[in-house]
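**Student:** could you look at this predicted model? Sequence included:
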Amino acid sequence: MLGRKANRRVVESRLAQLKLPSLGAIWLRRLRAALVLPLMAAGGYGVFKGAQLVLDQPVRNLVVEGTFQRVTPIQVEAAVATALDAGFLTVDLADLRARVQALAWVDRANVARQWPDTLLVRVTEHQAAARWGESGLLNVRGELFTEQSQHAFPELPSLAGPPGSERDVARRYLAVRGKLAEAKLSLQRLELDERGAWRLVLDGGQEIRLGRRDIDERFYRFFDVVAPALAAELPRVEYIDLRYTNGFAVGWRGGPPANLAAVAAVPERG
């Protein structure tokens, strides 16, 4: 009995020396750790906001850059004027960019801060590549960027097609304009009708009928075969019909020339 009591006291003494933490102490340390980070973050945010209030000076200078043809710097200044009251650091750059890009003829706008009190706005205008319909304009990417142009732009070709076909028609035009230039031809109009048939009209009024199928092949036939063959007599041509398997037909103004016959294969209408 005496030996057992002595052993128990030795075990209790060793447990006391280990000083194992209680469950309450563990949770207290966790609570402290959970509170430290938010307090530090709140303190840092307070310092940041305080510095921002001290450093956030009014915007005193607005610099507008770009190659201006259809947009003026005055229009850009007017678009952003009411949004500059927030201050140099707190002004919303995304909002300013959206305001500028909402202007007619503005393709892209970039807005940046220049310390300590200047905002820089860089403007890129749309480049009109073709007219669309009655008064619309397409840019070089085939995007319809205005439907009510105030300028006629008679030097640009006219493109037309069903609603939603702007990109397809523009892509077709951009693909062939190099070939037209090589053949010393100018395009007056390129059209896609409701049935999906393509037609183009040259500056001299000659109508090129391409139909609905094998459009690329028919374009190549026109540039590689038809245009060289008819180069000398092209002013007398009224239309060229390429809706044939291996040939084409020609309609003449005032009858065909005596030295040239129209070439046509058995028609396969498309």
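**Tutor:** Cool, the structure landed.

**Student:** ok so residue 76 is a strand residue?
**Tutor:** No. Counting by DSSP: H, G, I helix; E, B strand; the rest coil, residue 76 is located in no strand; its state is helix.

**Student:** and it, how many residues sit next to it?
**Tutor:** 23 (other Cβ atoms under 10 Å). For glycine as for every other residue, the C-beta is placed from the backbone atoms N, C-alpha and C.

**Student:** got the end-to-end distance for stretch 121-134?
**Tutor:** End-to-end span of stretch 121-134 (Cα to Cα, to the nearest Å): 33 Å.

**Student:** now do that stretch, average pLDDT.
**Tutor:** Computed over stretch 121-134, the mean pLDDT rounds to 94.

**Student:** ok now it, how far from the chain's centre?
**Tutor:** Distance of stretch 121-134 from its chain centroid, counting by Cα atoms, centre = their mean, to the nearest Å, is 12 Å.

**Student:** in that stretch, which residues are buried?
**Tutor:** Neighbour-count burial for stretch 121-134 flags 121, 123, 125, 126, 128, 129, 130, 131, 132 (criterion: 16 or more other Cβ atoms under 10 Å).

**Student:** let me know the secondary structure of residue 89.
**Tutor:** With three-state DSSP as the basis, residue 89 sits in coil.

**Student:** surely it and residue 58 touch.
**Tutor:** No. Assessed by Cβ atoms under 8 Å, residue 89 is found out of contact with residue 58, at 10.6 Å.

**Student:** who's more crowded, those two?
**Tutor:** The neighbour comparison of residue 89 against residue 58 (other Cβ under 10 Å) goes to residue 89, with 15 against 11.

**Student:** number of nearby residues for the closest residue to the more buried one other than its chain neighbours?
**Tutor:** Closest residue to residue 89 apart from its sequence neighbours, by Cβ to Cβ, 6 or more residues apart in numbering: residue 56 at 4.3 Å. Neighbours of residue 56 under the rule other Cβ under 10 Å: 15.

**Student:** give the contact list for residue 56.
**Tutor:** Going by Cβ atoms under 8 Å, 6 or more residues apart in numbering, residue 56 touches 87, 88, 89, 90.

**Student:** next one, pLDDT for it please.
**Tutor:** Residue 56 is assigned a predicted lDDT (pLDDT) of 76.

**Student:** and if you look at the one 5 residues further on?
**Tutor:** You'll see residue 61 listed with a pLDDT of 93.

**Student:** isn't it right next to residue 120, touching?
**Tutor:** No. Counting by Cβ under 8 Å, residue 120 is not a contact partner of residue 61; they are 9.0 Å apart.

**Student:** who's more crowded, those two?
**Tutor:** residue 120 (14 against 11).

**Student:** what helix or strand does that one sit in?
**Tutor:** According to DSSP states H and E, residue 120 maps onto strand 118-125.

**Student:** so which elements touch that strand?
**Tutor:** strand 61-66, helix 73-80, helix 93-101, strand 106-114 (3 or more Cβ pairs under 8 Å, 6 or more residues apart in numbering; DSSP states H and E).

**Student:** relative to the whole chain's centre, how far out is that strand?
**Tutor:** Distance, centroid of strand 118-125 to centroid of chain: 18 Å (Cα atoms, centre = their mean).

**Student:** low-scoring stretches of the stretch 1-150 of the chain, by residue?
**Tutor:** Scanning the stretch 1-150 of the chain for pLDDT under 70 picks out 1-55.
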